[in-house]
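Engineer: following is a predicted model, sequence given first.
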Amino acid sequence: MTKFSKGFIRLPRTIMDWEWYDDVNTSKIMVHLLLKANFEKKSWRGVDIHPGQLITSYEKLSLQTGLSISKVRTAIDKLKSSNDVIIESTNKFTKIKVNQFFFDNKQNSKEITHQSQANSKQIATTNNEKEIEIIKKEFKEKVYALSNYKKHILDSFYAYWTEKNSQKGTLRFQNEKFWEIEKRIKKWASNEKSQTKDRMLDLNR
């Protein structure tokens with residue numbers, strides 16, 4: 001994974017009642033589309049992309065999912081036939097709109113509301129903590145991959161930049177507007193060396 005934070009989508013248990021659930025390729029494509037669809041309005045080369053939509057191609061979907069182009073095309077055709085997706089094709093791109101109504105939870109609405117109110121805080125905290133741990137793990141791998149630096153430098157760099165902001169639920173490095181880990185750690189090591197030199201001068205005085 002190249003990014004530290006990817007967010008998440010919700011899939012209720014009622015997805016198991018969906019007509020394509022036991023169709024492995026079609027289910028895989030649908031989940032992939034849900035993950036790739038925009039969650040906010042964007043513009044791509046002058047084209048408005050609304051929430052629930054994405055710009056893609058059969059070739060791109062094939063590369064991203066590991067399915068052959070023919071299998072991707074077949075899966076998309078099935079989703080189109082059941083109105084689970086709406087396709088807008090041009091000679092330059094394919095825009096896909098994901099209809100998420102089939103994921104609506106069909107359980108008793110009062111029961112859902114009650115459970116949601118009772119557990120929302122706990123669920124949000126659990127998901128956030130799990131995501132933080134994943135982000136920290138990925139960040140640690142990137143830091144300690146820079147093996148040309150001494151371990152104590154990597155340790156101090158990692159400890160400082162993974163300090164958690166309890167109000168935002170983010171790590172320190174995530175709040176930086178610009179971030180290139182190689183440049184940051186090079187500067188960190190340089191500052192460490194300078195501070196060590198200053199301490200040695202003080203001891204010798």
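Structural biologist: That came through fine.

Engineer: what about S62, neighbour count?
Structural biologist: 16 (other C-beta atoms under 10 Å). Placement of C-beta: from N, CA and C, glycine included.

Engineer: was I right to think it contacts V72?
Structural biologist: Yes: look at S62 against V72 with C-beta atoms under 8 Å: they come within range, at 5.1 Å.

Engineer: can you classify S43 by secondary structure?
Structural biologist: Secondary structure, DSSP: H, G, I helix; E, B strand; the rest coil: S43 is strand.

Engineer: for L61, see how far away the residue lying closest to it once chain neighbours are set aside is.
Structural biologist: Sequence neighbours aside, I49 is the residue nearest to S43 in space, at 6.9 Å (criterion: C-beta to C-beta, 6 or more residues apart in numbering). Per C-beta to C-beta, to the nearest Å, I49 is found 16 Å from L61.

Engineer: how about D48?
Structural biologist: For D48, the distance to L61 equals 21 Å [C-beta to C-beta].

Engineer: try I15
Structural biologist: Distance, I15 to L61, using C-beta to C-beta: 20 Å.

Engineer: the two: who's more crowded?
Structural biologist: The residue with more neighbours, out of I15 and L61, is L61; 23 against 16, by other C-beta under 10 Å.

Engineer: would you mind measuring from the more buried one to S81?
Structural biologist: 17 Å.

Engineer: quick one: the helices in this protein?
Structural biologist: 24-36, 58-65, 69-81, 109-144, 151-161, 181-204 (DSSP state H).

Engineer: now I87, which residues is it bridged with?
Structural biologist: According to DSSP bridges, the partner residues bridging I87 are I96.

Engineer: correct me if wrong: it contacts I76.
Structural biologist: Yes: assessed by C-beta under 8 Å, I87 is found in contact with I76 at 7.0 Å.

Engineer: those two: who's more crowded?
Structural biologist: When I87 and I76 are compared for neighbours, I76 comes out ahead with 21 against 12, by other C-beta under 10 Å.

Engineer: I'd say the more buried one and M30 touch.
Structural biologist: No: with contact defined as C-beta under 8 Å, I76 does not count as touching M30 (9.6 Å).

Engineer: mutual contacts of these two, please.
Structural biologist: Jointly contacting I76 and M30 under the rule C-beta atoms under 8 Å, 6 or more residues apart in numbering are V85.

Engineer: what pLDDT does T113 get?
Structural biologist: Listed pLDDT for T113 reads 48.

Engineer: residues touching the closest residue to L33 other than its chain neighbours, list them.
Structural biologist: Excluding its sequence neighbours, the residue lying closest to L33 (C-beta to C-beta, 6+ apart) is V98, at 5.2 Å. By C-beta under 8 Å, 6+ apart, V98 lies in contact with M30, L33, L34, A37, G52, Q53, L54, D84, V85.

Engineer: now do the contacts for R184.
Structural biologist: Contact partners of R184, counting by C-beta under 8 Å, 6+ apart, are F157, W161.
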